[in-house]
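>>> Build me a structure from this.
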Amino acid sequence: MGVYSRGDRVRNIINLRLAEAASLDHDQLEVLYVQLGPTGADRIVNRAMEDLATSLSQVEKHFSAGRMNDVRSGIANLAEIAGQIGMASLAKVACDAMVLTHGHDGPALCAVMARLVRIGECSLVAVWDLQDMTV
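Next comes the predicted model:
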């Protein structure tokens, strides 16, 4: 924690570390592997990961450009794919972001969009790491 002084007022400054773990539903992934077999499940999960990475990037670009209809469409896509492959926290944050896209709370939407990107990236890494462990 740092101290900032301006005139006769002293303020404490706290740097917040924005990091949180992604939540994966291992049961959902197991269902995919049981239903589709290892090869089929790997194909589905890998395709979903590619789609998520692309969608996450597009959502960021659309949000920066203020194209809210495209943001909503991208978020809906993210939530659906995340739910299918067990990315529970990403699906939850996507739903939170979707709700905020219909409101008028810009700061909250910006914060949740930043969280969506963080959780999305963490979720992708978590699934990649999980796949590395099972190979």
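
>>> Kindly provide the distance from L109 to A94.
Counting by CB to CB, to the nearest Å, the gap from L109 to A94 is 13 Å. C-beta here means a position set from N, CA and C on the backbone, and glycine is covered the same way.

>>> V112 too?
From V112 across to A94, the span is 9 Å (CB to CB).

>>> Compare the two (neighbour count), which wins?
Ranked by neighbour count (other CB atoms under 10 Å), V112 and A94 place A94 first, with 27 against 21.

>>> The closest residue in space to that one that isn't next to it in sequence: which element?
Nearest in space to A94, with sequence neighbours left out and distances taken as CB to CB, 6 or more residues apart in numbering, is A79 at 3.8 Å. If you go by DSSP states H and E, A79 is part of helix 68-84.

>>> What mean pLDDT does that helix get?
Mean pLDDT, taken over the full extent of helix 68-84, equals 96.

>>> got it, and stretch 23-35?
Taken as a whole, stretch 23-35 has an average pLDDT of 86.

>>> again with stretch 44-57
The average pLDDT for stretch 44-57 rounds to 94.

>>> Just checking the distance from that stretch to the centre of its chain.
Taking the mean of its C-alpha atoms, stretch 44-57 sits 12 Å from the chain's own mean (CA atoms, centre = their mean, to the nearest Å).

>>> any idea how far the residue nearest to A94 is from S55?
The span separating A79 from S55 equals 10 Å under the rule CB to CB.
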